[in-house]
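Colleague: The sequence and its predicted three-dimensional model are supplied below.
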Amino acid sequence: MSDNFEPKILGILCNWCSYAGADLAGTSRLKYPANIRIVKVMCSGRVEPTLILKAFQEGADGVLISGCHPGDCHYVDGNIKTLRRTPLVARLLTQIGIEPERFKQVWVSASEGEKFGKIVEQMVEDIKKVGPYQKKMGDQLDVVMHEVAASAKEAAAAEEKGGSNCGS
Amino acid sequence: MSDHKIGVYVCHCGSNINGVVNCAKVTEEIGKIGEVVVAKDYKYMCSDPGQEMIKNDIKEKGLDRVVIAACSPRMHEPTFRRALEGAGLNGYLLEMANIREHVSWVTKDKEEATKKALSLVKGAVKRVKLHEPIEEREVPVTNTTLVLGGGISGIQAALQVAEAGHKVYLIEQKQYIGGNMAKFDKTFPTLDCAACILTPKMVDVGQSPNIELYTSSEVIKVDGYVGNFTVTVREKPRYINHDKCTGCGDCASACIMKNRIPHEFDEGLSKRSAAYIPFPQAVPLKAVIDDGNCLFLTRKKCTLACVKACGAKAINFNQHETIHEFKVGSIILATGFDLFDAKRAPQYGYGRYANVINGLQFERMTNASGPTSGHITLADGTEPKSVAVIHCVGSRDENYNKYCSRVCCMSSVKFAHLVKDHCDAEVYEFYIDMRTFGKGYEEFYNRVQEEGVHFVRGKGAEVAQIDGRLVVIAEDTLLGQYREIPVDMVILNTALEPRVDAEKVAQTLGISRSGDGFFMESHIKLDPVTTTTDGIYLAGCCQSPKDIPDSVAQGSAAAAQSLAIIATGKVKISPISASIDSEQCAGCRICIGLCTYRAIKLNEETLRAEINEAVCKGCGTCAAGCPSGAIRVSHFNDDQLLAQIEGVLA
Amino acid sequence: MFKDFTSEIMSYPGGEKITACMQCGTCTGSCPTSHAMQYTPRRLISLIRANQRDTVLQSLDIWKCASCYSCTTRCPRGIKFTDIMYILKNLAWKEQSKMENKNIAGFYNAFQGLIEKRGRMNEAELIMKYSFQTNPVKLLEFAPLGMKMLLKGRAAFSAPSVRNQVQLQKIMKLAQERGGE
Amino acid sequence: MVAYQYYPGCSLHASARDYDESVRGVLGHLAIKLEEVPDWNCCGATITPSLNQLQSQILPARNLALAAENRGDLVVPCNACYMSLKKVQHNMVKYKEIREGVIDIFSQAGLSLTGMPEVRHLLEMIMEDVGLAKVKEMVTKPLKDLKIVSYSGCQLVRPLGFDDPEDPQALDQLMEALGAKVLPFSQKSHCCGSSLMTTQPELAFKMVDSILEEAKKVGAEMVVVTCPMCQLNLDAYQGQINNKFNRTGQLPIIYFTQLMGLAMGLSKSQLGIQRGIVSSNKALEKIV
């Protein structure tokens, strides 16, 4: 890979904690790599696999999902639903050939500006090691995207249902 | 796709953005996109001329979508929404690109910053095309207020709302109101006696027809939203019938645990009974039975001397906790602070040497109604001939709290004055920096200097006991010398810390805390009273350490916020909510399980899920989980988010 | 190579936070030997920040640190002053090998010599070497104590060494060539 | 039999032979096996770090490398060695340049750093792995009425130690478990002066004097230590210090392992108790 590879990362941040945390990094004038593009959602629970797959389809080299710490969710427990969904999404991504370094789910509170910067820094470093994302499945990704997304949703929902029973 | 007329406005924010991001270049590039009919950059977009420019363009050029690349939408999105509305355009046809907090302030390289800014603006342009006009919902406001915490700032807030003629529920965890200020003796810089200025306010609270006071109580649940909260409060039993108790204290004198339990109000400097009056000026002036120490309540073994002594027959051991539910329009949090436990810094000998005390203990000692009747005494009952005051114990210290506790320099100077006044001992103040910044404060410092107090610039490093005498070890940094100064008494002026239950309270109310653990304000300078949750306000030391004047001011400010909501009678709430396309819904009920607010129900007839939009908070978790894609979240629908992702990654 | 003494100190592990000092004097107040210093720990930080490199490195005060780490654990700004003292001693040792204080130089030389040679140290040999390097009369001062230790079986005169002396000497030499700081 | 790797450090093979004897005696009695790290070298104490930073990393790192070849935590009885080893371990994790420098130098001398064992002070191991309950169970001759102060010294608790750096508790608790009467002592983690005793004795004398005087004042019959350096400074120089400051009375300085051994019924000679410069016979009269 070329030395001057600069990964493109999509960050999907919840409005209440993580977006505010990223704002705090700004108001504190902390410097971190410019590789991340932030998109806001109201709650990390809103993040569905389609959004993540879309990012890779559009040429992202990594995707970062961030919400409030467990217990601090503005919507009580939306982030817990994110947490339950994460392993499944990660597994799905691995299955279609996307390295684990490219997907990260973290908690950043409104007061953790410094932490946010560090996470971005680390992620850029990690992705630089694995190199640019090349669509392993070529155009297939586009084709499977909707299918995969739908089945992932189903599986996630099933897991959530199960999760609420067994508490996993 | 329909043709839109989009206006893009790139703000320089003085040099805040333009110093790093090449705004002109971003504007030029974005102007090349077909549907962008106006692209402009300007020094201050949020200024009046900036807003006017946008309004004029909307009117004159017929813009139907607006993108503003500027600071965080958390800062000025409402401002620009109003500008759009002023020009007759729906406020939600706006999208902001955050090129200040997320770009110019966090990026070193100017080229990279410009590139990043451009991609964020592109994402916003793609997204805004798919925006739909939505109307903010207006809901009526419940004209009551809940104040949590009965210290000076909570009292101030409660009285002010009550005086305006509105109902207040004042909830206090302890058995009395007054908070820490009730323990103080004199207050700086005027040396008013704390009781003299606080007691009348406490009495007013007790007598106000608009204030319902609940002591020994805590909030256990908060539901709802601004204007319409439902708060659940648990009131613990006091085992005293308030209607009958006269506050005479006969039960306390009779209690067989008399003089055996360290008295919290006196910071452990005196002993109390298990049945007791918290302090002579307590509001409410009613006895309390301490269930952790009462022999009858803990072991069922007691002669019940208190019951016999009580002429009013007010003691009732069958009391149970009571649950109350209040509907309120807003909540004022005034839960105060905890004092840093000096035992966490063993080098100062607190808890090991009898004559090492903390600031609150000194307050109790100098208080005429305190354990020593206002005499400053050593453990052996004699008066000290020399006293050291150590500043910044637990403050300004990475090992404990990084922040400055703000009140200690002044209270330390006050302690010095009180020592001089009471027993004319030599006083040594060990300080790092003197911070006496308030009205009349520097003058007070100056006055105490003239009283002959020794100010040693150097943080006390250690308190040792040498030959039976306390010795403060420090560097006198102005002399550049190591010094050991023997004294009879050491006062540790300890940090003000977030209350031990701050995390729990934050979770119950759904608000954030800042890195130091205190509750977080919406904007540290411009909105220090509002939390990030609409309708919940902050007052006093629960937001950050404060002295009395500042706590009172913030209490008033919080009351004003609460009254403002009541005065308008209605609040706008976010129009962002989910809806279900019943055509697409498969009736699988997954969303029902996902919704924390129980806003989704299955229509038993159609077997399709339906959302109650009034209850929905718009988090979108249901949409993310719907297998058939039937759920749509307004302003955060799939198409909008996908378009934005496409744009920012282009 | 360095802009100033402060940035030089900051370039070594442990020296990073020196600019955070707020001159509170906790280090001095916590130091068991600062009473005997011309420049207290806090003043040493001030001198470093005032770029007074020679004053600091020539000061005997830096050799008074007993490495008890009291200043380090108590510093409210997280400055590892014990480590800074080590950095200062390293620089002083490297640049002013002819130290004026014979006792200090002699002892450090004797100790380091033993380690470089044998890889292990024993007090009896150390004291002998030290005395010869500084002032042989010293041996007389140590003699009564030495006798007591000998009688109690606490003096080992047979020189202990590591077996793989070649390896040890090699890594010490490489470190000497590389580091020296 | 639980096995640990043992890094005695230079002193325990020379001036602190009594410490080594009592460590082996007590741990043998507790059925704990110690395997001495093969061909260990001096940790450099506070001397090498003063002269050459890289060398001061190399010395402890070689011991860590040698210990990594075997299994089990690395148990260290000396405060100074404990701190040196632990600090280098800490530095190698925290500073990439140190880690790479050490590995590079090692590779040129045929040494490889395959891993790093957990570094633990002997007292830490006894408190955490053996536990006070087991210790109490093993006590056959409680140290009843023996009034002691426990002196942890500095490098056991600072800056990477396992106990409170200002007011350490472990040694107090262990001594109480043996039945001794532990007196309040403000000098618990003050410094004994370490090598200043040789280079600048006027400084070290004062430091030791204040420790001993405080111990005498609170009524201690013995000072219990965890480090050979502390023992040497407090014991061997006590006569000279008493002369210099006109002090009366002598205090025996005893290793915590020696008291453990006595309480568990081991003989004085097995524990090297006769090797103290200040005799502990009188203080121990009532228990042995």
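Modeller: Received, thanks.

Colleague: Show me which residues of chain C sit near chain B.
Modeller: Residues of chain C found near chain B (CB under 8 Å from any CB of the partner chain) are C:22-31, C:34-35, C:37, C:39-40, C:42-43, C:73-78. Using the backbone N, CA and C atoms, a C-beta is placed for each residue, glycine as well.

Colleague: Can you flag the buried ones in those?
Modeller: C:23-31, C:34-35, C:37, C:39-40, C:42-43, C:73-77 (16 or more other CB atoms under 10 Å in any protein chain shown).

Colleague: Identify the residues contacting B:Glu172.
Modeller: Residues near B:Glu172 by CB atoms under 8 Å, 6 or more residues apart in numbering or on different chains: B:149-150, B:154, B:213-217.

Colleague: again, only this time at 10 Å
Modeller: B:147-151, B:154-155, B:178-179, B:205, B:213-218, B:283, B:334-335 (CB atoms under 10 Å, 6 or more residues apart in numbering or on different chains).

Colleague: when you scan stretch D:212-220, is anything in it near chain B?
Modeller: Yes. Stretch D:212-220 is in contact with chain B by CB under 10 Å from any CB of the partner chain, via D:213-214, D:217.

Colleague: quick one: the helices in chain C?
Modeller: C:5-10, C:26-30, C:41-49, C:53-58, C:70-74, C:81-95, C:102-118, C:123-134, C:138-151, C:165-178 (DSSP state H).

Colleague: Output those in a markdown table; the columns should cover distance to B:Glu583 and mean pLDDT.
Modeller: Shown next, in a markdown table, are these (distance: least, CB to CB, whole Å; pLDDT from 0 to 100):
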| stretch | distance to B:Glu583 | mean pLDDT |
| --- | --- | --- |
| helix C:5-10 | 66 | 97 |
| helix C:26-30 | 71 | 98 |
| helix C:41-49 | 72 | 98 |
| helix C:53-58 | 80 | 94 |
| helix C:70-74 | 68 | 97 |
| helix C:81-95 | 70 | 95 |
| helix C:102-118 | 84 | 89 |
| helix C:123-134 | 91 | 85 |
| helix C:138-151 | 96 | 85 |
| helix C:165-178 | 74 | 92 |
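
Colleague: deepest of those, which one?
Modeller: helix C:26-30 (a mean of 30; mean count of other CB atoms under 10 Å in any protein chain shown).

Colleague: Would you mind pulling up the elements that that one packs against?
Modeller: strand B:462-466, strand B:469-476, strand B:481-487, helix C:41-49, helix C:70-74, helix C:81-95 (3 or more CB pairs under 10 Å, 6 or more residues apart in numbering or on different chains; DSSP states H and E).

Colleague: Just send these back as TSV, with distance to chain A too.
Modeller: Shown next, in TSV, are those (distance: least, CB to the nearest CB, whole Å):
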stretch	distance to chain A
strand B:462-466	32
strand B:469-476	32
strand B:481-487	36
helix C:41-49	23
helix C:70-74	23
helix C:81-95	24
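
Colleague: Excluding sequence neighbours, find me the nearest residue to the residue in the stretch 1-150 of chain B positioned nearest to chain C.
Modeller: Proximity of the stretch 1-150 of chain B to chain C (CB to the nearest CB) peaks at B:Lys108, 19.3 Å away. With CB to CB, 6 or more residues apart in numbering or on different chains as the criterion, B:Lys108 has its nearest non-adjacent residue at 5.2 Å, and that residue is A:Lys31.

Colleague: Quick check: the one you found vs A:Gly117, distance?
Modeller: 7 Å (CB to CB, to the nearest Å).

Colleague: helix or strand for the residue of chain A found nearest chain C, which one?
Modeller: Residue nearest to chain C within chain A: A:Glu114 (14.9 Å; CB to the nearest CB). Following DSSP states H and E, one finds A:Glu114 within helix A:113-130.

Colleague: Run the chain-centre distance for that helix.
Modeller: 13 Å (CA atoms, centre = their mean, to the nearest Å).

Colleague: For chain A, which segments count as helices?
Modeller: Under DSSP H, chain A gives helices at A:18-27, A:49-57, A:78-95, A:113-130, A:140-166.

Colleague: What of the stretch 1-150 of chain D?
Modeller: D:17-29, D:48-51, D:53-68, D:79-94, D:96-108, D:122-125, D:132-138 (DSSP state H, counting those that start in this stretch).

Colleague: can you redo those helices as JSON lines with mean pLDDT?
Modeller: What follows is the helices of the stretch 1-150 of chain D, written out as JSON lines (pLDDT from 0 to 100):
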{"stretch": "helix D:17-29", "mean pLDDT": "96"}
{"stretch": "helix D:48-51", "mean pLDDT": "94"}
{"stretch": "helix D:53-68", "mean pLDDT": "94"}
{"stretch": "helix D:79-94", "mean pLDDT": "95"}
{"stretch": "helix D:96-108", "mean pLDDT": "93"}
{"stretch": "helix D:122-125", "mean pLDDT": "98"}
{"stretch": "helix D:132-138", "mean pLDDT": "97"}
